[in-house]
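**Q** let's see this in three dimensions:
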Amino acid sequence: MSLSLDLNHLPTLPQRRDFRIGCIGSGFIMADCHLVAYKANGLNPVAIASRTPANAARVAQRHDLKHYETYQELLADPAIEVVDVAVPPDAQFGVLQEVVKHKRHIRGILAQKPLGVNYEQAVEIVKLCKRSGIVLSVNQNMRYDQSIRACKTLLSRDVLGEPVLATIDMRAIPHWMPWQQRQGWVTLRIMSIHHLDTFRYLFGDPVRVFASVRPDPRTEKKFKHADGICLYILEYANGFRASAWDDVWAGPALEGAEPDIYIRWRVEGLTGMARGTIGWPNYPAQSPSTLDFTTAQRPGYWFSPRWKEAWFPDAFVGPMAQLLCALETGTEPEISAADNLKTMALVDACYLSAKEHRAVAISEITRRK
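**A** Model (predicted):
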(Lines give C-alpha, C1' and ligand atoms only; values in the text may rest on other atoms or scores of the structure.)
Protein backbone atom coordinates (compact mmCIF):
# COMPACT_ATOMS: atom_id res chain seq x y z
CA MET A 1 0.00 0.00 0.00
CA SER A 2 1.41 3.42 -0.96
CA LEU A 3 1.21 6.49 1.24
CA SER A 4 1.37 10.00 -0.19
CA LEU A 5 4.00 12.22 1.37
CA ASP A 6 2.27 15.29 -0.05
CA LEU A 7 0.92 16.35 3.33
CA ASN A 8 -0.45 19.81 2.49
CA HIS A 9 2.05 21.47 4.80
CA LEU A 10 1.59 24.88 3.16
CA PRO A 11 -1.48 27.14 3.42
CA THR A 12 -3.86 27.91 0.58
CA LEU A 13 -3.19 31.36 -0.84
CA PRO A 14 -5.92 33.66 -2.19
CA GLN A 15 -6.43 34.01 -5.93
CA ARG A 16 -6.46 37.75 -5.44
CA ARG A 17 -3.13 38.83 -3.97
CA ASP A 18 -3.62 42.60 -4.18
CA PHE A 19 -5.85 43.18 -1.15
CA ARG A 20 -4.41 46.40 0.30
CA ILE A 21 -3.20 45.67 3.83
CA GLY A 22 -2.60 48.36 6.44
CA CYS A 23 -0.32 47.35 9.32
CA ILE A 24 -0.65 48.65 12.88
CA GLY A 25 2.41 47.90 15.00
CA SER A 26 6.06 47.88 13.96
CA GLY A 27 7.74 45.48 16.38
CA PHE A 28 9.67 42.31 15.62
CA ILE A 29 6.63 40.17 14.74
CA MET A 30 5.42 42.68 12.19
CA ALA A 31 8.79 43.73 10.78
CA ASP A 32 10.55 40.37 10.66
CA CYS A 33 7.71 37.87 10.32
CA HIS A 34 4.44 39.25 8.95
CA LEU A 35 5.87 41.58 6.34
CA VAL A 36 8.63 39.22 5.27
CA ALA A 37 6.17 36.36 4.76
CA TYR A 38 3.59 38.56 3.00
CA LYS A 39 6.09 39.94 0.53
CA ALA A 40 7.58 36.49 -0.15
CA ASN A 41 4.13 35.18 -1.11
CA GLY A 42 3.00 38.11 -3.23
CA LEU A 43 0.57 39.68 -0.75
CA ASN A 44 0.15 43.44 -0.71
CA PRO A 45 0.95 45.33 2.52
CA VAL A 46 0.88 49.01 1.60
CA ALA A 47 1.05 51.10 4.79
CA ILE A 48 2.16 51.02 8.42
CA ALA A 49 1.77 53.02 11.62
CA SER A 50 2.62 52.39 15.26
CA ARG A 51 2.82 54.09 18.65
CA THR A 52 6.49 54.82 17.84
CA PRO A 53 6.40 56.74 14.54
CA ALA A 54 10.18 56.69 14.10
CA ASN A 55 10.25 52.90 14.31
CA ALA A 56 7.30 52.62 11.93
CA ALA A 57 9.15 54.90 9.51
CA ARG A 58 12.20 52.61 9.57
CA VAL A 59 10.06 49.53 8.95
CA ALA A 60 8.21 51.37 6.16
CA GLN A 61 11.49 52.19 4.45
CA ARG A 62 12.76 48.62 4.83
CA HIS A 63 9.61 47.09 3.30
CA ASP A 64 8.69 49.88 0.86
CA LEU A 65 5.47 50.90 2.61
CA LYS A 66 3.69 54.19 3.13
CA HIS A 67 4.23 55.51 6.65
CA TYR A 68 1.57 57.26 8.73
CA GLU A 69 2.34 59.20 11.90
CA THR A 70 -0.72 57.71 13.65
CA TYR A 71 -2.76 54.59 13.11
CA GLN A 72 -5.90 56.77 13.00
CA GLU A 73 -4.52 58.41 9.83
CA LEU A 74 -3.83 54.98 8.34
CA LEU A 75 -7.37 53.81 9.09
CA ALA A 76 -8.84 56.90 7.43
CA ASP A 77 -7.13 56.01 4.13
CA PRO A 78 -9.98 54.71 1.93
CA ALA A 79 -7.55 52.52 -0.01
CA ILE A 80 -6.99 50.22 3.01
CA GLU A 81 -9.11 47.06 2.77
CA VAL A 82 -7.61 44.83 5.47
CA VAL A 83 -5.93 45.75 8.75
CA ASP A 84 -3.20 43.70 10.41
CA VAL A 85 -3.14 44.58 14.12
CA ALA A 86 -0.01 43.59 16.03
CA VAL A 87 -0.12 45.60 19.25
CA PRO A 88 0.07 44.54 22.93
CA PRO A 89 -3.09 42.78 24.19
CA ASP A 90 -4.02 45.59 26.57
CA ALA A 91 -3.94 48.09 23.66
CA GLN A 92 -5.80 45.90 21.20
CA PHE A 93 -9.41 46.64 22.17
CA GLY A 94 -8.91 50.40 21.85
CA VAL A 95 -7.33 50.01 18.41
CA LEU A 96 -10.13 47.73 17.19
CA GLN A 97 -12.74 50.23 18.40
CA GLU A 98 -11.13 52.73 16.04
CA VAL A 99 -10.87 50.23 13.18
CA VAL A 100 -14.61 49.48 13.09
CA LYS A 101 -15.37 53.18 12.60
CA HIS A 102 -14.08 52.70 9.05
CA LYS A 103 -16.30 49.82 8.01
CA ARG A 104 -17.12 51.50 4.71
CA HIS A 105 -13.75 50.52 3.27
CA ILE A 106 -12.19 48.08 5.77
CA ARG A 107 -13.42 44.54 5.14
CA GLY A 108 -11.21 42.39 7.34
CA ILE A 109 -9.03 42.42 10.47
CA LEU A 110 -6.25 40.06 11.48
CA ALA A 111 -5.71 40.55 15.22
CA GLN A 112 -2.66 39.32 17.09
CA LYS A 113 -3.12 36.64 19.71
CA PRO A 114 -4.16 36.72 22.48
CA LEU A 115 -7.43 38.35 21.43
CA GLY A 116 -7.61 40.95 24.19
CA VAL A 117 -6.57 40.46 27.80
CA ASN A 118 -8.99 37.64 28.73
CA TYR A 119 -12.02 35.67 27.55
CA GLU A 120 -14.55 38.34 28.56
CA GLN A 121 -12.79 41.05 26.57
CA ALA A 122 -12.37 38.69 23.62
CA VAL A 123 -16.14 38.19 23.60
CA GLU A 124 -16.65 41.96 23.47
CA ILE A 125 -14.17 42.27 20.59
CA VAL A 126 -15.98 39.58 18.60
CA LYS A 127 -19.32 41.30 19.18
CA LEU A 128 -17.84 44.66 18.17
CA CYS A 129 -16.58 43.37 14.84
CA LYS A 130 -19.71 41.34 14.14
CA ARG A 131 -21.89 44.43 14.60
CA SER A 132 -19.70 46.36 12.18
CA GLY A 133 -19.81 43.63 9.53
CA ILE A 134 -15.99 43.41 9.41
CA VAL A 135 -14.55 39.89 9.23
CA LEU A 136 -12.27 39.25 12.21
CA SER A 137 -9.63 36.55 12.40
CA VAL A 138 -6.85 35.85 14.91
CA ASN A 139 -3.16 35.29 14.23
CA GLN A 140 -2.85 31.81 15.79
CA ASN A 141 0.15 31.11 13.61
CA MET A 142 1.33 27.80 15.11
CA ARG A 143 -1.55 26.22 13.19
CA TYR A 144 0.52 27.05 10.12
CA ASP A 145 3.77 25.56 11.33
CA GLN A 146 4.59 23.08 8.58
CA SER A 147 4.87 20.03 10.85
CA ILE A 148 1.54 20.80 12.51
CA ARG A 149 -0.22 21.18 9.14
CA ALA A 150 1.28 17.89 7.99
CA CYS A 151 0.15 16.14 11.18
CA LYS A 152 -3.37 17.46 10.63
CA THR A 153 -3.30 15.86 7.18
CA LEU A 154 -2.22 12.52 8.66
CA LEU A 155 -5.11 12.68 11.12
CA SER A 156 -7.64 13.62 8.45
CA ARG A 157 -6.47 10.69 6.27
CA ASP A 158 -6.74 8.30 9.24
CA VAL A 159 -3.10 7.29 8.88
CA LEU A 160 -2.67 7.28 12.66
CA GLY A 161 -6.09 5.91 13.57
CA GLU A 162 -8.09 7.18 16.53
CA PRO A 163 -5.90 9.52 18.61
CA VAL A 164 -4.99 8.22 22.06
CA LEU A 165 -2.40 10.66 23.48
CA ALA A 166 -0.65 13.84 22.31
CA THR A 167 2.16 15.73 24.01
CA ILE A 168 4.21 18.90 23.49
CA ASP A 169 7.50 19.35 25.34
CA MET A 170 8.95 22.87 25.12
CA ARG A 171 12.34 23.74 26.60
CA ALA A 172 13.03 27.28 25.40
CA ILE A 173 14.02 30.71 26.68
CA PRO A 174 11.81 33.25 24.91
CA HIS A 175 12.50 36.96 24.63
CA TRP A 176 9.84 38.55 26.79
CA MET A 177 8.19 41.84 25.82
CA PRO A 178 8.15 44.88 28.15
CA TRP A 179 4.35 45.03 28.16
CA GLN A 180 4.19 41.64 29.86
CA GLN A 181 5.33 43.24 33.09
CA ARG A 182 2.19 45.41 33.04
CA GLN A 183 0.05 42.30 32.78
CA GLY A 184 2.06 40.03 35.08
CA TRP A 185 1.95 37.31 32.38
CA VAL A 186 4.79 35.11 31.27
CA THR A 187 3.82 31.85 29.61
CA LEU A 188 0.14 30.82 29.52
CA ARG A 189 -1.24 33.70 27.41
CA ILE A 190 1.96 34.18 25.41
CA MET A 191 3.51 30.76 24.69
CA SER A 192 1.07 28.12 25.96
CA ILE A 193 -1.74 29.70 23.94
CA HIS A 194 0.04 28.38 20.83
CA HIS A 195 0.05 24.83 22.15
CA LEU A 196 -3.50 24.97 23.50
CA ASP A 197 -4.77 26.29 20.18
CA THR A 198 -2.79 23.63 18.32
CA PHE A 199 -4.34 20.87 20.40
CA ARG A 200 -7.77 22.31 19.55
CA TYR A 201 -6.87 22.51 15.85
CA LEU A 202 -5.73 18.90 15.73
CA PHE A 203 -8.20 17.22 18.10
CA GLY A 204 -11.14 19.51 18.84
CA ASP A 205 -12.30 20.86 22.17
CA PRO A 206 -11.52 19.31 25.55
CA VAL A 207 -14.06 19.06 28.34
CA ARG A 208 -11.74 20.21 31.11
CA VAL A 209 -8.14 21.08 31.90
CA PHE A 210 -5.84 20.73 34.87
CA ALA A 211 -2.92 23.15 35.05
CA SER A 212 -0.03 23.55 37.45
CA VAL A 213 2.38 26.49 37.31
CA ARG A 214 5.34 28.02 39.09
CA PRO A 215 7.36 31.20 38.48
CA ASP A 216 10.33 31.16 36.12
CA PRO A 217 13.37 31.79 38.39
CA ARG A 218 15.04 33.97 35.76
CA THR A 219 12.06 36.18 34.94
CA GLU A 220 11.01 36.38 38.60
CA LYS A 221 14.04 38.60 39.17
CA LYS A 222 12.53 41.13 36.73
CA PHE A 223 8.84 41.11 37.68
CA LYS A 224 6.31 39.19 39.74
CA HIS A 225 4.32 36.50 37.95
CA ALA A 226 2.81 33.06 38.55
CA ASP A 227 2.73 31.43 35.12
CA GLY A 228 6.39 30.85 34.36
CA ILE A 229 6.78 27.09 34.00
CA CYS A 230 3.40 25.61 33.04
CA LEU A 231 2.23 21.99 32.97
CA TYR A 232 -1.30 21.11 31.86
CA ILE A 233 -3.47 18.17 30.90
CA LEU A 234 -6.49 18.40 28.57
CA GLU A 235 -9.24 15.84 29.10
CA TYR A 236 -11.54 14.92 26.20
CA ALA A 237 -14.94 13.27 26.46
CA ASN A 238 -13.88 10.23 24.40
CA GLY A 239 -10.92 9.42 26.66
CA PHE A 240 -8.25 11.13 24.54
CA ARG A 241 -5.67 13.11 26.52
CA ALA A 242 -3.27 15.90 25.54
CA SER A 243 -0.57 17.38 27.72
CA ALA A 244 2.23 19.95 27.49
CA TRP A 245 5.26 20.98 29.51
CA ASP A 246 6.03 24.62 28.76
CA ASP A 247 9.40 25.20 30.41
CA VAL A 248 10.76 28.71 29.81
CA TRP A 249 13.48 28.28 32.42
CA ALA A 250 15.02 25.39 30.45
CA GLY A 251 17.83 25.08 32.97
CA PRO A 252 20.58 27.61 33.77
CA ALA A 253 21.62 27.98 30.14
CA LEU A 254 21.99 31.76 30.47
CA GLU A 255 23.80 31.36 33.78
CA GLY A 256 26.70 29.31 32.43
CA ALA A 257 25.43 25.75 31.98
CA GLU A 258 25.16 24.11 28.58
CA PRO A 259 21.80 24.70 26.84
CA ASP A 260 19.35 22.00 25.79
CA ILE A 261 16.73 23.96 23.86
CA TYR A 262 13.95 22.39 21.79
CA ILE A 263 10.24 21.95 21.14
CA ARG A 264 9.10 18.39 20.45
CA TRP A 265 5.62 17.03 19.90
CA ARG A 266 4.19 13.53 19.63
CA VAL A 267 0.81 12.06 18.62
CA GLU A 268 -0.02 8.42 19.31
CA GLY A 269 -3.00 6.77 17.61
CA LEU A 270 -4.44 3.28 17.56
CA THR A 271 -2.75 2.47 14.24
CA GLY A 272 0.12 4.94 13.95
CA MET A 273 2.37 7.43 15.66
CA ALA A 274 3.82 10.79 14.58
CA ARG A 275 6.53 12.83 16.20
CA GLY A 276 7.94 16.20 15.29
CA THR A 277 10.12 19.14 16.18
CA ILE A 278 9.36 22.84 16.00
CA GLY A 279 12.26 24.87 14.61
CA TRP A 280 11.37 28.23 16.22
CA PRO A 281 13.87 28.14 19.14
CA ASN A 282 16.75 28.26 16.64
CA TYR A 283 15.58 31.54 15.07
CA PRO A 284 17.13 33.52 13.36
CA ALA A 285 18.81 30.39 12.02
CA GLN A 286 16.64 28.84 9.31
CA SER A 287 15.47 25.67 11.02
CA PRO A 288 12.43 23.98 9.44
CA SER A 289 10.19 21.96 11.72
CA THR A 290 10.27 18.21 11.11
CA LEU A 291 7.86 15.28 11.04
CA ASP A 292 8.39 11.51 11.23
CA PHE A 293 5.56 9.00 11.30
CA THR A 294 4.94 5.28 11.30
CA THR A 295 1.70 3.41 10.63
CA ALA A 296 0.32 -0.11 10.71
CA GLN A 297 -0.82 0.54 7.13
CA ARG A 298 2.82 0.12 6.13
CA PRO A 299 4.60 -1.92 8.85
CA GLY A 300 8.33 -1.64 9.36
CA TYR A 301 8.82 1.90 8.04
CA TRP A 302 9.38 5.37 9.39
CA PHE A 303 8.35 8.07 6.92
CA SER A 304 10.34 11.31 7.16
CA PRO A 305 9.02 14.00 4.79
CA ARG A 306 11.01 17.24 4.86
CA TRP A 307 10.55 20.75 3.51
CA LYS A 308 12.55 23.96 3.26
CA GLU A 309 10.03 26.29 4.93
CA ALA A 310 10.21 27.21 8.63
CA TRP A 311 7.62 28.48 11.14
CA PHE A 312 9.51 31.79 11.53
CA PRO A 313 8.87 33.59 9.24
CA ASP A 314 7.33 31.41 6.48
CA ALA A 315 4.26 30.19 8.36
CA PHE A 316 3.14 33.74 9.14
CA VAL A 317 1.60 34.06 5.69
CA GLY A 318 -0.99 31.45 6.73
CA PRO A 319 -3.22 33.50 9.05
CA MET A 320 -3.40 36.42 6.63
CA ALA A 321 -3.89 34.14 3.63
CA GLN A 322 -6.85 32.35 5.22
CA LEU A 323 -8.47 35.70 6.05
CA LEU A 324 -8.03 36.92 2.47
CA CYS A 325 -9.42 33.63 1.15
CA ALA A 326 -12.49 34.13 3.34
CA LEU A 327 -12.98 37.67 2.03
CA GLU A 328 -12.51 36.44 -1.52
CA THR A 329 -15.06 33.64 -1.24
CA GLY A 330 -17.48 35.10 1.28
CA THR A 331 -16.92 32.19 3.67
CA GLU A 332 -15.90 31.89 7.31
CA PRO A 333 -12.13 32.17 7.95
CA GLU A 334 -10.29 29.01 8.99
CA ILE A 335 -9.43 30.83 12.22
CA SER A 336 -12.71 32.60 12.85
CA ALA A 337 -12.96 34.95 15.78
CA ALA A 338 -15.88 32.95 17.17
CA ASP A 339 -13.80 29.78 17.13
CA ASN A 340 -10.85 31.56 18.75
CA LEU A 341 -13.04 32.37 21.74
CA LYS A 342 -12.73 28.67 22.62
CA THR A 343 -8.95 29.01 22.73
CA MET A 344 -9.25 32.09 24.93
CA ALA A 345 -11.63 30.19 27.23
CA LEU A 346 -9.16 27.32 27.45
CA VAL A 347 -6.35 29.69 28.43
CA ASP A 348 -8.52 31.30 31.12
CA ALA A 349 -9.46 27.83 32.36
CA CYS A 350 -5.74 27.08 32.78
CA TYR A 351 -5.30 30.21 34.90
CA LEU A 352 -8.28 29.31 37.08
CA SER A 353 -7.12 25.71 37.43
CA ALA A 354 -3.64 26.78 38.52
CA LYS A 355 -5.04 29.31 40.97
CA GLU A 356 -7.52 26.93 42.59
CA HIS A 357 -5.49 23.71 42.22
CA ARG A 358 -8.28 21.76 40.53
CA ALA A 359 -9.52 20.60 37.16
CA VAL A 360 -11.68 23.25 35.48
CA ALA A 361 -14.41 22.53 32.94
CA ILE A 362 -14.20 24.86 29.94
CA SER A 363 -17.92 25.52 30.38
CA GLU A 364 -17.12 27.33 33.64
CA ILE A 365 -15.45 30.02 31.56
CA THR A 366 -17.79 30.17 28.56
CA ARG A 367 -20.97 30.51 30.59
CA ARG A 368 -19.67 33.81 31.99
CA LYS A 369 -20.58 35.65 28.80
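
**Q** what strand or helix carries Arg275?
**A** Element membership for Arg275 (DSSP states H and E) is strand 272-277.

**Q** what sits up against that strand?
**A** Applying Cβ atoms under 8 Å, 6 or more residues apart in numbering, the contact partners of strand 272-277 are 147-148, 150-151, 154, 159-161, 262-267, 289-297. In short, each C-beta sits where N, CA and C put it, glycine included.

**Q** quick one: which of those sit in helices?
**A** Within those, membership in helices is found for 147-148, 150-151, 154, as judged by DSSP state H.

**Q** quick check: buried residues in stretch 255-273?
**A** Applying a neighbour-count criterion of 16 or more other Cβ atoms under 10 Å, one finds 263, 265, 267, 269, 272-273 buried in stretch 255-273.

**Q** same check, this time on stretch 35-50
**A** Neighbour-count burial for stretch 35-50, counted by 16+ other Cβ under 10 Å, picks out 35-38, 41, 43, 45-50.

**Q** next one: stretch 332-342
**A** Within stretch 332-342, the residues that qualify as buried by neighbour count (16+ other Cβ under 10 Å) are 333-337, 339-342.

**Q** chain center to stretch 242-257, what's the gap?
**A** Per Cα atoms, centre = their mean, to the nearest Å, the displacement of stretch 242-257 from the mean C-alpha position of its chain is 20 Å.

**Q** pull up the distance across that stretch, start to finish.
**A** End-to-end distance for stretch 242-257, by Cα to Cα, to the nearest Å: 31 Å.

**Q** stretch 84-95 now?
**A** Taking Cα to Cα, the span from the opening residue of stretch 84-95 to its closing residue is 11 Å.

**Q** which residues are contacting it?
**A** Taking contacts as Cβ under 8 Å, 6+ apart, the residues outside stretch 84-95 that touch it are 21-25, 27, 29-30, 34, 45, 50-51, 71, 96, 99, 109-112, 114-117, 121, 124-125, 139, 177, 179, 182-183, 189, 320.

**Q** can you map out the helices along this structure?
**A** Counting by DSSP H, the segments of the chain that form helices are 28, 35-40, 53-63, 71-76, 89-99, 119-132, 146-156, 179-183, 193-203, 317-329, 337-356, 363-366.

**Q** now do Asp197 against His105, distance only.
**A** Computed with Cβ to Cβ, to the nearest Å, the distance linking Asp197 and His105 is 30 Å.

**Q** correction: the previous question concerned Phe210.
**A** Using Cβ to Cβ, one gets 47 Å for the distance from Phe210 to His105.

**Q** just Pro89 next, same as before
**A** Remark: distance between Pro89 and His105 (Cβ to Cβ) = 26 Å.

**Q** ditto for Val317
**A** According to Cβ to Cβ, Val317 and His105 sit 23 Å apart.

**Q** more neighbours: the two, which one.
**A** Neighbours were counted for Val317 and for His105 using other Cβ atoms under 10 Å; Val317 has more, 26 against 13.

**Q** okay but the more buried one is in contact with Pro45, surely?
**A** No: with contacts counted by Cβ atoms under 8 Å, Val317 stays clear of Pro45, the gap being 11.3 Å.

**Q** from the chain's centroid, how far away is the helix or strand of the chain with the lowest mean pLDDT?
**A** Of the helices and strands making up the chain, the lowest-confidence element is helix 179-183, at a mean of 93, by mean pLDDT, DSSP states H and E. Averaging C-alpha positions (Cα atoms, centre = their mean) puts helix 179-183 19 Å from its chain's average.

**Q** could you list the buried residues of it?
**A** Going by neighbour count (16+ other Cβ under 10 Å), the buried part of helix 179-183 is 180, 183.

**Q** now do that helix: which elements does it pack against?
**A** Taking 3 or more Cβ pairs under 8 Å, 6 or more residues apart in numbering; DSSP states H and E as contact, the helices and strands that helix 179-183 lies on are helix 89-99.

**Q** can you tell me the average pLDDT over the helix it packs on?
**A** What helix 89-99 shows for mean pLDDT is 98.

**Q** what's the angle from it to helix 119-132?
**A** With axes from the mean of the first three to the mean of the last three Cα atoms, to 10 degrees as the criterion, the two stretches helix 89-99 and helix 119-132 enclose an angle of 10 degrees.

**Q** mind listing what's buried along helix 89-99?
**A** By neighbour count, and taking 16+ other Cβ under 10 Å as the criterion, the buried residues in helix 89-99 are 89, 92-93, 95-96, 98-99.

**Q** just the buried residues of the contacts of stretch 84-95.
**A** Taking 16+ other Cβ under 10 Å as the criterion, what is buried in the contacts of stretch 84-95 is 21-25, 27, 29-30, 34, 45, 50-51, 71, 96, 99, 109-112, 114-117, 121, 125, 139, 183, 189, 320.

**Q** and the residue nearest in space to the middle of the chain, how far is that from His67?
**A** Central residue check for the chain by Cα atoms, centre = their mean: the C-alpha nearest the mean position is that of Gln140, 2.6 Å away. Applying Cβ to Cβ, one obtains 28 Å for the distance of Gln140 from His67.

**Q** name the residues of stretch 146-159 that are buried.
**A** Using 16+ other Cβ under 10 Å as the burial criterion, the residues of stretch 146-159 that qualify are 146-152, 154-155, 159.
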